[in-house]
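Visitor: Quick one: sequence and predicted model below, then my questions.
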Amino acid sequence: MLRNTVRQAVRSRAIPALPRATGAAPAVRTATAPLHTTARAPAQYKRFGERAAGASSATALSQLASRFGGRGSPNGGGRLGGRAPLLIVVVVGAGGTYYVTHLERVPTTGRLRFIDVSAAQERQMGDDAYKQTLQEYRSRLEPSNSAQTRRVRAVAERLIRTLDGEVTTRGIEWDVHVVNVNEKNAFVLPNGKIFVMSGILGICKDDDGLATVLGHEISHTIARHSAEKASGFKVLMAFALVAELCGLDIGISRAAATLLLSLPNSRKMETEADHMGLELMSKACFDPREAPHLWSRMQASEGGSGRGDVIKGLVSTHPVNSARIKSIEKWLPDALQHRAVAGCPEPSTVSGFRSAISDAGERFMSEPRFAHR
């Protein structure tokens with residue numbers, strides 16, 4: 001999980017790949033490579049699946065609308081052409097039918113959303129991005145036996161073991177990579193490849209903070225948010241086309257679609273991942289009370305003072321940190337209840353709770369059943 005785009009969002013390093021699950025607990029696999037350090041980057045999350053519409057899409061849209069007399073046409077004069085009303089009826093009718101027949105609910109939250117990208121197509125998106133990311137960071141991937149990689153792997157494995165069977169039957173093969181760059185970022189690709197930049201580990205501070213980050217990012221994959229974003233882009237294009245046919249300037253129509261549809265939906269998915277991630281880390285016996293502290297540290301590292309949050313909240317793909325902290329604090333009672341139901345010990349009364357769990361995770365991950373590269 002966390003802020004911004006496809007290509008930028010696909011960055012970090014690998015855990016031992018968990019074999020394709022069939023119901024049993026998944027196992028993890030890792031990749032190796034030398035490490036280097038790069039210049040400091042702002043504390044910002046960037047995710048796969050958020051690339052903005054390219055110029056080619058906008059050009060094609062403008063040309064199509066121009067043929068039917070939209071304002072984008074030199075000959076349109078801002079008036080609808082003779083065929084435009086009929087085209088609008090066809091687009092709205094066919095598009096509306098297609099939209100309604102491709103509505104489904106997020107398995108864990110029940111939120112209704114439009115999605116017309118199959119799980120196989122989504123995994124292919126992840127596979128393509130994975131190859132690009134490995135190529136980009138090939139000289140900075142940490143060894144599979146480094147302390148940082150082992151730590152991230154142990155936390156990720158605990159989270160993944162709590163996942164329901166619906167996720168494990170989608171053919172996801174989990175992998176963890178740590179990239180030695182001073183960038184505060186982490187993300188999970190649609191095919192289950194987990195990348196963590198070493199620069200964010202200081203913000204995480206401890207395993208509970210790291211579980212907050214990984215729980216959020218893994219939740220994006222569980223909820224198929226990348227497929228939802230790819231599907232939503234088609235809705236934006238249809239919206240912009242109809243607006244253009246009605247005489248609205250293409251620049252204005254695209255801006256309106258972004259502000260009214262794309263950005264609010266992106267923030268909704270980020271909030272959903274926060275909520276799901278909090279529940280996931282609680283079931284894995286991490287302390288969810290650390291989550292607000294993680295986001296406070298993230299806010300401090302970004303230099304945010306809380307001023308201008310209203311404007312930021314309207315033009316950002318992610319909720320402002322102050323807003324997500326308030327939401328998490330509201331969800332904490334339920335998260336602690338999930339933790340209790342899972343039979344987790346109370347961390348505030350157990351001496352050495354975090355270190356004991358961490359050591360146990362390390363021992364579990366080092367067992368022969370986990371294939372390490």
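Guide: The structure has been received and is ready for your questions. Residues are numbered from 1 along each chain as shown.
Visitor: Do you have the helices of the stretch 51-200 of the chain handy? List them.
Guide: For the stretch 51-200 of the chain, the helices defined by DSSP state H, counting those that start in this stretch occupy 55-67, 84-100, 119-136, 147-160, 165-168.
Visitor: deepest of those, which one?
Guide: Highest mean neighbour count among those (mean count of other Cβ atoms under 10 Å): helix 147-160, with a mean of 24. For glycine as for every other residue, the C-beta is placed from the backbone atoms N, C-alpha and C.
Visitor: which strands and helices sit next to that one?
Guide: Under the contact definition 3 or more Cβ pairs under 8 Å, 6 or more residues apart in numbering; DSSP states H and E, helix 147-160 sits against strand 175-179, strand 193-197, helix 207-222, helix 353-365.
Visitor: What is the subsequent helix or strand relative to the longest one?
Guide: Put plainly, it is helix 207-222. helix 225-245 (DSSP states H and E).
Visitor: I'd like to know which elements the very next helix or strand once past that following helix is packed against.
Guide: Where DSSP H and E defines the elements, the next helix or strand beyond helix 225-245 is helix 250-257. Helix 250-257 makes packing contacts with helix 55-67, helix 225-245 when contacts are defined by 3+ Cβ pairs under 8 Å, 6+ apart.
Visitor: export the helix or strand just after helix 250-257 as PDB, just CAs?
Guide: Using DSSP H and E, the next helix or strand after helix 250-257 towards the C-terminus is helix 263-283. Only the C-alpha atoms of helix 263-283 are listed here, as PDB (Å, rounded to 0.1, in the frame of the first residue of the first chain):
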ATOM      1  CA  LEU A 263      -9.600  10.300  -7.200                       C
ATOM      2  CA  PRO A 264     -12.600   9.600  -4.900                       C
ATOM      3  CA  ASN A 265     -12.600   5.900  -5.900                       C
ATOM      4  CA  SER A 266      -8.800   5.600  -5.400                       C
ATOM      5  CA  ARG A 267      -9.100   7.100  -1.900                       C
ATOM      6  CA  LYS A 268     -12.000   4.700  -1.200                       C
ATOM      7  CA  MET A 269      -9.700   1.700  -2.100                       C
ATOM      8  CA  GLU A 270      -6.900   3.000   0.000                       C
ATOM      9  CA  THR A 271      -9.200   3.400   3.000                       C
ATOM     10  CA  GLU A 272     -10.500  -0.100   2.300                       C
ATOM     11  CA  ALA A 273      -7.000  -1.500   2.300                       C
ATOM     12  CA  ASP A 274      -6.300   0.300   5.600                       C
ATOM     13  CA  HIS A 275      -9.300  -1.300   7.200                       C
ATOM     14  CA  MET A 276      -8.600  -4.800   5.700                       C
ATOM     15  CA  GLY A 277      -4.900  -4.500   6.600                       C
ATOM     16  CA  LEU A 278      -5.700  -3.600  10.200                       C
ATOM     17  CA  GLU A 279      -7.900  -6.700  10.500                       C
ATOM     18  CA  LEU A 280      -5.300  -8.900   8.800                       C
ATOM     19  CA  MET A 281      -2.400  -7.800  11.100                       C
ATOM     20  CA  SER A 282      -4.700  -8.300  14.100                       C
ATOM     21  CA  LYS A 283      -5.500 -11.900  13.100                       C
END
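Visitor: between helix 263-283 and helix 207-222, how many degrees?
Guide: Interaxial angle of helix 263-283 relative to helix 207-222 (axes from the mean of the first three to the mean of the last three Cα atoms, to 10 degrees): 130 degrees.
Visitor: Helix 263-283 to helix 147-160, inter-axis angle?
Guide: Going by the same axes, to 10 degrees, helix 263-283 makes 90 degrees with helix 147-160.
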